[in-house]
Every structure is written in C-alpha cells, then in structure tokens.
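Engineer: Take a look and give me a structure for this.
(2 chains)
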Amino acid sequence: MAPPRVRFAPSPTGYFHVGSARSALFNWFVARQSEDGVFILRIEDTDEDRNREEWVDGIISAMDWLGLHADEGPFRQSDNKVAHEVSVTTLLDAGYLYYCDCTGEDVAARKGDNKTPGYDGFCRTRALARAANTALRFTTPHDGVTIVRDLIRGDVEFANSTIDDFVVAKSSGAVLYALANVTDDRNDEITHVIRGEEHLSNAPKQMMLWSALNEVTAHDVALPLYAHLPLLVNEQRKKLSKRKDPVATESYRDQGYLPQAFVNYLALLGWSPRGDEEIVPVEILIEQFRLEDVSHSPAFFDVKKLAHMNGEYIRALSIDAFIDACTPWVNPWASAWRPSDRAPLWAEADFDAELFARVAPLVHERVATLGEVPAMVQFFFADAVTFDEAAFTKAIGNDPLGQSMLKSALVRFENATWASSVLHEVVLEVGESLGLVLRKAQAPIRCAVTGSLVGPPLFESLEILGRERTIERLRAALERLP
RNA sequence: GGUCCCAUCGUCUAGUGGCCUAGGACAUCACCCUCUCAAGGUGGAGGCACGGGUUCGAAUCCCGUUGGGACUGCCA
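Structural biologist: Below is the predicted model of the structure:
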C-alpha cells in the first residue's frame, strides 16, 4: 500500500483552535505510522478579507510547540491560484460549470418553501456569459447518490438531488474553498482527508469535483479516503466557539501546559489507547492510533482533566527539566520565549537562578501548570511580602496568640541553627509553650514570611530564605499591627 | 424547514451478542498521610435515553421515539 500523504489545512482566521490542533495531531499520527508517511501543512488563506498574517504565525508556532512538524510545507493556498484557475477553466470548458448572476436575495426569494435547500439551478440553462456580477456554479447531478466512504463512520449516503449547484468561483474570479481545496489535495496527491465533522456535508461536493476533474484532465488521482472527526464541544454541547470558549492553543502554552501533556490529552478526545492507562507517551500513541477506532460522538474539552494530566507530566519531569521548563515564567529575561500578558512578579535584579534551583523541588509536586509557579515562589524573590489581607487578619491581626508566636519565634530564631529540622523543632516548642499544636503554630509565621496561609513547606522555605530575611519579615509583620 | 451525524457514570472513554454484578480516567465525597496547600494511598457514590423487535441470551444487531449536534455562504 502506498504511504499515506495527509494534510492539515487550517485557515488563519483566528487563534489556533484546540479542535484544529486535534485534527492536526490525528493527521500527524497517520503520517508518522508509516515509514514514508508525509504530513503536509497547507495554510488555506484564500479568503483575503478574513486572513491575517499573525494568525499564520500563531498556527506555525503552536504546531511547532506541539512537535507537529510538517514534512512538506507550510504551503500557502494563495500560492496555488494558478492551479485553481486551471481547474476552473478545465471544468468550464468541459461543461461542468455555468455562470450565474443571482444575488443571495434572488436565491432566497425563489427558494420560498421549496423542500430542497439552497440554490435551485435557475441559471443552469440561461447560458449567461461572464460578467462582473456572475459567479460560477457547478452542475450537480439530479439523480443517483454520492456515497462518502468514511473511515470513522462508514458509508454516508447523500441523494444527489439534495445537493445544490454550489458556487466554485466568485464573481471576482476568486476560487472558493470546495474547488481550491480539491485542486490542492489532488496536486498534493493526498490519500487521507482527515478533518472535523463540520466538513462531512462538503465531502460529496468535493467528491463530485474530484471525479469531474479526473474525467476531464490527464491527471487521474484516486479519491482520498475520508475521515470526519467528532466535533469538540463546550459544556452546552455546542461546537467550540472562538468567541465564547477558551479554545486558543497558544493560551494553553502561555498558562504553562506542557506540550507532551497537551498532545496526550488531545489524543484522548475521541479516541483512547489500549488498556487502562491514559498517560501514554507519544510514540505509543502513534503506534496504537487507528482512525477506525475514533469515536463517533462529540467530545467535551475538559480543562480540569487536562490540568490533572499536566500535573502528572510535570511531576514526571526530573528536577532539572522542571527548572528549565519554568524559565519563561520565573526568569523571562533569560528566555527566548515568554508567556504573553504576564507581568513578572518581581524585578529582574531580584531573581536568583541558584535560589530558584533550591526552591524548585518545593513547588515541583504542587503545581498543575507552570504558570502557577511564580505566585508560589514570589516571596523568595520579591522585596516586600505581598499580603493576603484576609490571611493576615486571621492568623495575626485578630489573633493574639499568633502575635505571641511571632514575637517568641523572633527571639528563638536569632540563635537557632539555621536548618529546617531545627526550625521545625523550634516552632513546635514555641507553639507548645503557648498551647498551640504545630498546625496552628506555623500559620502566623507562614503568613508573616510568605504573605499567605498556603504555600510550599514552611521550614524548608525558611532555611532557603535565610535567617536575616526571615527575621526581617517577622518584624515587618509585627509592625503592620495597629 | 431540508440534508447529514450522534446517543455507556457530571465529563472523556473501554465494551464489536454470553467474559458486564458494565472496566478505567477526570471531577466529586469519606478516610489515611501531613507544618499549610498540594501530591500520594484506600474506599464510596455515580451510567448503558426510551419503546419495540431479533436471539436461548443484547450496552452490543434491527426499527421507531425522544434528545443533542453539524451543515444549509459569491467563508473555510
């Protein structure tokens, strides 16, 4: 069997949609399963009104982030305009196309309550010549059926009578999606068209186009195998919307999701690896993936599960790899890439890479995304503590015992051996002398030093922070009192 | 409205006629661990949309109902 040639063909009209990312991934799986499989990236940028160059960059960089590297491309569909026009001319000469000057209103008015939707073929026999306001339509057959052999869904049958004479070229001359896409797929000798289910109803039209082109040109290309992936939906079970839903793949990178985790999660949407284990390395995903096993029903993109998996991937990182991965978030000044829209929580001069290396193990087990790290380690780097006022009030402001804890600890810390185990012991003892169990005793100290009641292990943190800064903060907290 | 797709715990799924008293994962609840928060461990609750068939036997096959969705552009 010939090696698969697949393509991912996004249109650059917005952020890189997670659904698109999954389509790209499943295409990529198919290509990587064969020694000679080819994964093509084709940017479908023929709608000049809606495309923006920055979206193209977004797609390419996000795919790069995910490790979905194209074997061929990125190509621009707009570079293939000549080929598209050749298709138009060929089809026109062969009598498949006709000019139509109906406006949208005309079509709607004539449709009335006609059962058959869309265009009624009014201009088919009018033999219009090309004019400034004429679009080109494809003559679809009235009889028979077109069967889409879908690898995922089986045979899907469309009565040709339900398919209207669709427009293939605008009056401006611009060639539309259906034909442009088919022309490029033929020229790229695509073997598998793997895309979202929203394209299923395009498939019969494209098959008609493909077959017509086969008939009238010397370039006979076997029809591709189709596979229409189930949609990704939101909680309302609607197709994920660019406007309302968090669908930008780029934003997941910004939040500190690991590409491996993201890929793994995406693979679980509409498909599942063998066995009970869901955390599966990409090589195994590639090995086990089969289009035939893809589910038929829409899937909800569950950020909670993604976050959980990301946490697992983070914890599986060696501490050095974790430190490296954190760099864009904790030390954006030293990193080629930095998450957008994230102001650093401390000044560049305050960051200390060696200090972070000591702190990292403390937070490694505690975050689900890398984006959570800065807030968790802020107190190590920032000059002054940023207090959670509610926490301060609870543990210190309104608690005389908490204030006593601070005062006693201040004294004991002056001379204590500066090691976490000793500090632990000291706080335990001071607490006991005030009738406080350790969980109560540590709270005011944690709050004074970190500004919060939750955070990394306290005594290890104190050890790393050092005696001087710790004492300084204990004093500062006491001074905040009225 | 028309065409098409879909239907297993709240969510993602396993299941391809007997292995199902329906398995796993996330979320959730309880307990354990514990300096906070996590992580981790143990356990619990939770599902085959409904109705008819076919069959000795159905989550699995067929039909219908209901429900959801996509498309219905001189967008892709």
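Engineer: Is there proximity between the host helix or strand of residue A:211 and RNA strand B?
Structural biologist: When elements are assigned from DSSP states H and E, residue A:211 belongs to helix A:203-216. No: Helix A:203-216 is not in contact with RNA strand B by Cβ under 7 Å from any atom of the strand; minimum separation 8.4 Å. Every residue, glycine included, has its C-beta placed from N, CA and C.
Engineer: low-scoring stretches of chain A, by residue?
Structural biologist: A:1, A:112-117 (pLDDT under 70).
Engineer: All the strands of the stretch 201-350 of chain A, in order from the start?
Structural biologist: Listed in chain order, the strands of the stretch 201-350 of chain A (DSSP state E, counting those that start in this stretch) span A:225-229, A:232-233, A:299-300.
Engineer: residues near residue A:99, how many?
Structural biologist: 19 (other Cβ atoms under 10 Å).
Engineer: For it, grab phi and psi.
Structural biologist: phi -80, psi 150 (degrees, to the nearest 10).
Engineer: residues contacting it?
Structural biologist: Going by Cβ atoms under 8 Å, 6 or more residues apart in numbering, residue A:99 touches A:123, A:128-131, A:134-137.
Engineer: What subset of those is buried?
Structural biologist: Taking 16 or more other Cβ atoms under 10 Å as the criterion, what is buried in those is A:123, A:134-137.
Engineer: Just give me the closest of the contacts of residue A:99 to RNA strand B.
Structural biologist: The closest of these to RNA strand B turns out to be residue A:135 (Cβ to the nearest atom of the strand; 3.8 Å).
Engineer: What residues does that closest one make contact with?
Structural biologist: Residues near residue A:135 by Cβ under 8 Å, 6+ apart: A:99-101, A:167, A:169-171.
Engineer: out of the buried ones among the contacts of residue A:99, who's near RNA strand B?
Structural biologist: A:134-135.
Engineer: wouldn't residue A:235 be in contact with residue A:300 here?
Structural biologist: Yes: between residue A:235 and residue A:300 there is a contact under Cβ atoms under 8 Å: 6.7 Å.
Engineer: These two: which has the busier surroundings?
Structural biologist: The neighbour count for residue A:235 versus residue A:300, taken as other Cβ under 10 Å, is higher for residue A:300 (14 against 9).
Engineer: in terms of contact, does that one touch residue A:231 like I think?
Structural biologist: No: between residue A:300 and residue A:231 there is no contact under Cβ under 8 Å: 10.1 Å.
Engineer: Of the contacts of residue A:99, which belong to strands?
Structural biologist: With DSSP state E as the criterion, strands contain A:135-137 from among these.
Engineer: isn't there a strand covering residue A:83?
Structural biologist: No: counting by DSSP: H, G, I helix; E, B strand; the rest coil, residue A:83 is not part of a strand but helix.
Engineer: Who are the contact partners of it?
Structural biologist: Residue A:83 touches A:183-184, A:187, counting by Cβ under 8 Å, 6+ apart.
Engineer: got the residues of the stretch 1-150 of chain A near RNA strand B?
Structural biologist: Within reach of RNA strand B by Cβ under 7 Å from any atom of the strand, the stretch 1-150 of chain A has these residues: A:9-11, A:44, A:46-47, A:50, A:77, A:100-104, A:107, A:113, A:115-119, A:133-135.
Engineer: Please enumerate the helices of the stretch 251-400 of chain A.
Structural biologist: Here the stretch 251-400 of chain A has its helices, by DSSP state H, counting those that start in this stretch, at A:259-267, A:282-288, A:303-316, A:319-330, A:353-364, A:373-381, A:389-392, A:400-415.
Engineer: Please name whichever of those is nearest to RNA strand B.
Structural biologist: Here helix A:303-316 is closest among the helices of the stretch 251-400 of chain A (Cβ to the nearest atom of the strand), at 3.5 Å.
Engineer: what's the angle from that closest one to helix A:319-330?
Structural biologist: With axes from the mean of the first three to the mean of the last three Cα atoms, to 10 degrees applied, the angle from helix A:303-316 to helix A:319-330 works out at 130 degrees.
Engineer: What sits closest to the residue of chain A positioned farthest from its centre if chain neighbours are left out?
Structural biologist: Distance from the centre of chain A peaks at residue A:433, with 54.1 Å (Cα atoms, centre = their mean). Leaving out its chain neighbours, the residue that sits closest to residue A:433 by Cβ to Cβ, 6 or more residues apart in numbering is residue A:408, at 7.2 Å.
Engineer: Ok, residue A:174 next?
Structural biologist: residue A:46 (6.7 Å).
Engineer: got a list of what residue A:436 touches?
Structural biologist: With contact taken as Cβ under 8 Å, 6+ apart, residue A:436 is in contact with A:401, A:405.
Engineer: typo on my end, residue A:412
Structural biologist: Residue A:412 is in contact with A:426, A:429-430, counting by Cβ under 8 Å, 6+ apart.
Engineer: if we go to 6 Å?
Structural biologist: residue A:426 (Cβ atoms under 6 Å, 6 or more residues apart in numbering).
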